[in-house]
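A.B. asks: Show me how the following folds:
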Amino acid sequence: MAILEIVNHPNAVLEQKCEPVTKFDKKLGTLLDDMHETMLANDGVGIAAPQVGKAIRVAIVDFGEGQEPIEMINPELVLYEGADTDVEGCLSFPGIFGEVERYDHVKIKAQERDGSWYELEAEGYEARAILHEMDHLDGILFTSKITKYVTQEELDAMIAEADAHARAEEEEQV
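C.D. replies: Below you'll find the model as predicted:
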C-alpha cells in the first residue's frame, strides 16, 4: 500500500462529475487500499477518488472503530430522510470547518471491489460522512453547503465540551 498525495482545493478534479467504474480488477483494489491508507495517514474518516486525483466514482468511509471500512463504488442514494446540522471538515480543505445540513438517515446502493452490489443504511455521523464523500463524486464541495464557518478554536471547544459531557455520563453510570 502507498500513501497518495491529497489534492487540495482549488483543483479542477475536485469540481467535476466522476465517471462510473466499469473495470473491477487488481488495479481498482490497489487504488482502494492506497486510498484507505492515505485517509488513515491524514486522520480522515472518509476519502473520495477525486481527492487523490482520480475522477472515478470510488469513495471510502471508515471511523476506525473496529468495523470494516465502507468501500463505495458507483454509489447511489436510494432513500433519505430527516435532517441534521453538524460541523464538517475535509482533507482537501485543510483548516476549514463549517456547519452543514445533511440528511440524517440514508440508504445507499453501491458496488464492492469485486463488482457485486450491496445496500447499506446509515444514520447520524455515518450518514453524514457517506453523503460528504458521495458529493465529491458529483463535484460538489462541502464549502458550497456551509451555513456557518467554524474556527479551529471553536471546533476544539466543541470537542472538549462533548468529551466532558461523555465523561460525566460515564461517571453517572458507575
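A.B. asks: now the helices for this protein?
C.D. replies: Under the criterion DSSP state H, the chain contains helices at 26-41, 124-137, 152-173.
A.B. asks: To V106, which of those helices lies closest?
C.D. replies: Comparison of the helices of the chain against V106 by C-beta to C-beta identifies helix 124-137 as nearest, at 4.6 Å. Bear in mind the C-beta positions are built from the backbone N, C-alpha and C, glycine included.
A.B. asks: how about the helices of the chain in JSON lines, adding mean neighbour count and mean pLDDT?
C.D. replies: Shown next, in JSON lines, are those (neighbours: other C-beta atoms under 10 Å; pLDDT from 0 to 100):
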{"stretch": "helix 26-41", "mean neighbour count": "17", "mean pLDDT": "97"}
{"stretch": "helix 124-137", "mean neighbour count": "22", "mean pLDDT": "97"}
{"stretch": "helix 152-173", "mean neighbour count": "10", "mean pLDDT": "91"}
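A.B. asks: Reformat these as CSV; add distance to E99.
C.D. replies: Formatted as CSV, the helices of the chain follow (distance: least, C-beta to C-beta, whole Å):
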stretch, distance to E99
helix 26-41, 23
helix 124-137, 11
helix 152-173, 10
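A.B. asks: Out of the ones you listed, which gets nearest to P20?
C.D. replies: helix 124-137 (9.5 Å).
A.B. asks: Indicate which one of the helices of the chain is closest to V87.
C.D. replies: By C-beta to C-beta (comparing all of the helices of the chain), the closest turns out to be helix 152-173, at 6.2 Å.
A.B. asks: Out of the helices of the chain, flag the one nearest I73.
C.D. replies: Nearest of those (C-beta to C-beta): helix 26-41, 7.5 Å.
A.B. asks: can you pull the contacts of R113?
C.D. replies: 24, 28-29, 32, 71, 73 (C-beta atoms under 8 Å, 6 or more residues apart in numbering).
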